[in-house]
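**Student:** A predicted structure for the sequence below; I have some questions about it.
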Amino acid sequence: MSSGFTSQIPKVPRGRGARSNASGRYESQQREDFDDGWAIEDPAPGQLDTAVTAEKARVIISRNDSPDVGFSASINPYRGCEHGCIYCYARPAHAYMGLSPGLDFESKLFFKPHAAQLLEKELAKPRYTPELIHIGGNTDPYQPEERRLRITRGVIEVLVRFRHPFSVITKSALIVRDLDLLAEAAAMKLTRVAISITSLDRQLARSMEPRAATPEKRIDAVRRLTQAGVPVTVMFAPCIPGLNDHEMEAVLERAAQAGASGAGYVALRLPLEIKDLFREWLETDHPDRARRVMSLVRQMRGGKDYDAQWGSRMKGEGPLAALMAARFAAAKKRYGLDVGWGSLDASRFHVPPQRGGQMDLFAE
């Protein structure tokens, strides 16, 4: 598939996570930017603009059979993510679009303008059976472009109108914009939210997740959601040995103080192109820790950068992984974050009458 984009990438652009833009693995020709020494007249990093393109989707609910993720149905309003998190496991999917999992992933985005209409059509099918739909299983549904496009809000509006159970995961404070819908859904036991907080260190968070909300903004989002009656779980994901793992207990404590009732974690995952992007980022942003971090990662992955085996890919294996799990379990219990998700109510699901349909004749 031709992307229609051109690749003119400035050297280490400001506010971006990836440090390069190598071609995706499916391209017949490999392209990669490099420094030839002729850029001495403009040594400062440039600005890389974000391009947003509408994607014509035929269905909006995606299905998976992974035993690791806890849901089988999901909705992703966007492809690519402007947050630019260097560790994002969704980066390799940009290769399917003929684009790079590097800077293209965070600067060349796609959105699904008819997501709400497609969802309404799918939910209204006579044989549809309601099950939890997870919003944001791939890229963040509240990334910056959502403020303007409002695709995620449209999806949630449909789910609330159909009384359909759903969950949301984000690292954006923009989610509080939709408190009206989320509070309404929570009152009917239809929703729960996960907020990802990877660090309380503002400088580290900015380095890892350059365009995501600051740690304090995320803590405030937890507080505002829980005050509105929306159940919130904090996700310490990813947990990176030698980089942010020492903050695990502090993050859980702050989240509990803000009202969170549950917690989860995921060990750093480096599939496909991410391993090279992550190592490159470590060597430029944290050169003093790069070798140690990668050594610890391999200790959790059987000597490799990554092991995709189901059952262990989310947590790793070996003594270091066991210690991480033990620390997390102890902190989760200590701060009262072991309440769990709880079940959502699928019995309320109904197909509302269409506007302008026959039922409108009887409306008051």
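**Tutor:** Done, it's in.

**Student:** How many neighbouring residues does Asn244 have?
**Tutor:** By the criterion of other Cβ atoms under 10 Å, Asn244 has 21 neighbours. Yep, even glycine has a C-beta here, placed from its N, CA and C like the rest.

**Student:** Correction: the previous question concerned Trp310.
**Tutor:** Residues near Trp310, counting by other Cβ under 10 Å: 9.

**Student:** Test my guess that it contacts Asp65.
**Tutor:** No - in this structure, Trp310 is not within contact of Asp65 by Cβ atoms under 8 Å, at 10.1 Å.

**Student:** can you count the residues close to Glu122?
**Tutor:** Neighbour count for Glu122, taken as other Cβ under 10 Å: 15.

**Student:** residue ranges for the strands of the stretch 101-250 of the chain, please.
**Tutor:** 108-111, 133-135, 166-170, 191-196, 232-239 (DSSP state E, counting those that start in this stretch).

**Student:** which helices and strands sit right next to the fourth one?
**Tutor:** Which is strand 191-196. strand 166-170, helix 179-187, helix 215-227, strand 232-239 (3 or more Cβ pairs under 8 Å, 6 or more residues apart in numbering; DSSP states H and E).

**Student:** Throw the ones you listed into TSV and include mean pLDDT, distance to Ala73 and mean neighbour count, thanks.
**Tutor:** Shown next, in TSV, are these (pLDDT from 0 to 100; distance: least, Cβ to Cβ, whole Å; neighbours: other Cβ atoms under 10 Å):
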stretch	mean pLDDT	distance to Ala73	mean neighbour count
strand 166-170	97	9	24
helix 179-187	98	16	18
helix 215-227	98	23	20
strand 232-239	97	19	24
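
**Student:** Ok, which of those comes nearest Leu270?
**Tutor:** Closest to Leu270 of the helices and strands packed on strand 191-196 is strand 232-239 (Cβ to Cβ; 9.4 Å).

**Student:** and the angle for the closest one with strand 191-196?
**Tutor:** Here strand 232-239 runs at 30 degrees with respect to strand 191-196, directions being taken by axes from the mean of the first three to the mean of the last three Cα atoms, to 10 degrees.

**Student:** Please, where are all the strands along the stretch 251-364 of the chain?
**Tutor:** Going by DSSP E, counting those that start in this stretch, the stretch 251-364 of the chain shows strands at 262-267.
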